[in-house]
Structure formats: structure tokens, C-alpha cells
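Mind folding the following:
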Amino acid sequence: MIPVGNVLTFALAALGLMIIPGPSMLFVIGRSLALGRIGGLVSVAGNAAGALVIAAAVALGVGVIVEQSVVLFTAIKIVGALYLVFLGVQAIRHRNDVHTESGRSRRPLGTGRMLAEGFVVGVSNPKTIVFLVAVLPQFVDYPRGGIPLQLAILGAVFVAIALVSDSVWALVAGAAREWFVRSPHRIGRLGAVGGVIMIVLGAAVLFVGSDSA
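Numbering: from 1, shown residues only. As a prediction, this is how the structure comes out:
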């Protein structure tokens, strides 16, 4: 079993990563501004599921292949970036689709769709891929054996921290949205801001290299 000290040290390293604005944080903020707290939290769940897949892949050794393959890493990065841009454009296009009395969208997204969109963003997040592939193995106690299990535990810790951190951001951004929802002009501008955040984020993801965390 992995030493408790290793887990705690890794948790601190992961928390430090969460504090730095990255694809997941900005995606969640943008979604919460555009869709509200519920939409933001559902997106967080989908995003966490995507990160869990990456963690599982790293534990099984696939993550090393992705990190070492420039072509595969670049393909994942481009797909994720384009998807973020698409979501941003959609948010801007439908920025005025709200009822001013309730703030509910006239074109509400289903829970399944929000989960799926969050999952795609999470599983294609290059920052998460690089961090888990480069950092996870450093906290494994190799003499104790059971390396895949140790990696899986560390990956689960990472996802748990990300889930809590992103949820906080979703609640904060969602709460700020409540003030804007009282005015059709405010909420329209807010939806556009959320869309712009995702578009800019999609462009920024393209500059994340396989040698950076």
C-alpha cells in the first residue's frame, strides 16, 4: 500500500496545481456563468469523470504512451481545444435565450448533454495529462510493489481534489450569475462572457506543450 506521507505530499502538489487557473477551472467558470450553478456543477461532474479516465489510463501505463507520442498528444490537445471553442461559440449564439422572470434558458441543455460535454473537456485536458503522467510516478513507493494500485489511488486523490475545487468555483460563479439574471441585458452579456472565456481557453490550450505542467 502507498505510504500516507506520499499521499499527503501529492495532495498538496495537486492542490497547488488547482490554484493556478487552467482549462478545467476556466471551463467551469464559463459554464457556470452561462448556465448557472446547476449547469456548472453538472459540468464539474463530467469534467471529473474525464479526469478519472486519464488517471486510470496513467495507472495502466497508457498515459506514458500518450506523453511520449507527440502526434497522439497533439491530436488530443487539438480536439479538446476545438471542442472548447465550439462550446464558447454556442454560448455566445444563445446568450439571449432566457426568460427574464426566472432566468431559465429557453433552450435548456439536458443533464446528459452537460455531463458529456464536461467529460470531453476533462478527458482531453492536456494540463491534467501532463501532470498525472509526469508527477504521479514520483510519489509511488516502488519497493512496496503494486504500482498500478498506487497510481490508481493517487489518481483518485487528484480527481477528488479537482472535484471539490471546481465545485467551489462553480458555486461562486453561479452565485454571481444570479445578480445578472434579473436583467435580460446583463444575462445576455454574461452568457457572452462565458462563451468568450471558453473560446480564449480553447486557443490557450493549443499552446500547452508536452513538456509543461
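
how much space between Phe131 and Val85?
Using Cβ to Cβ, to the nearest Å, Phe131 is found at 23 Å from Val85. Using the backbone N, CA and C atoms, a C-beta is placed for each residue, glycine as well.

Relative to Gln138, how far out is the one residue sitting closest to the centre of the chain?
For the chain, the residue nearest the mean C-alpha position is Ser24 (2.7 Å; Cα atoms, centre = their mean). For Ser24, the distance to Gln138 equals 21 Å [Cβ to Cβ].

for Val121, same thing?
To Gln138, Val121 is 26 Å away according to Cβ to Cβ.

Ok, Glu117 next?
32 Å.

neighbour-wise, which of the two wins?
It is Glu117, of Glu117 and Gln138, that has more neighbours when counted by other Cβ atoms under 10 Å, with 23 against 11.

buried residues in the helix or strand that contains that one?
Per DSSP states H and E, Glu117 falls inside helix 111-123. Neighbour counts using 16 or more other Cβ atoms under 10 Å place Met114, Leu115, Glu117, Gly118, Phe119, Val120, Val121, Gly122, Val123 of helix 111-123 among the buried residues.

So what would you say the end-to-end distance of stretch 133-146 is?
Terminal residues of stretch 133-146 are spaced 17 Å apart (Cα to Cα, to the nearest Å).

Show me which residues of it are buried.
Val133, Ala134, Val135, Leu136, Pro137, Phe139, Val140.

Who are the contact partners of the residue nearest to the fifth one when sequence neighbours are not counted?
When the adjacent residues along the chain are set aside, Pro137 lies closest to Leu151, with 7.2 Å between them (Cβ to Cβ, 6 or more residues apart in numbering). Residues touching Leu151, when contacts are defined by Cβ atoms under 8 Å, 6 or more residues apart in numbering, comprise Ala55, Val58, Ala59, Leu136, Pro137, Val140.

name the element the closest residue to Ile38 other than its chain neighbours belongs to?
What sits nearest to Ile38 in space, not counting adjacent residues and going by Cβ to Cβ, 6+ apart, is Gly174, at 7.7 Å. Per DSSP H and E: Gly174 is located in helix 147-180.

which parts of that helix are buried?
150-155, 157-159, 161-163, 165-167, 169-171, 173-174, 177, 180.

And the nearest residue to Leu163 once chain neighbours are set aside, how far from Gly195?
Spatial nearest neighbour of Leu163, chain neighbours left out: Ala48 (4.5 Å); criterion: Cβ to Cβ, 6+ apart. Distance from Ala48 to Gly195, counting by Cβ to Cβ: 23 Å.
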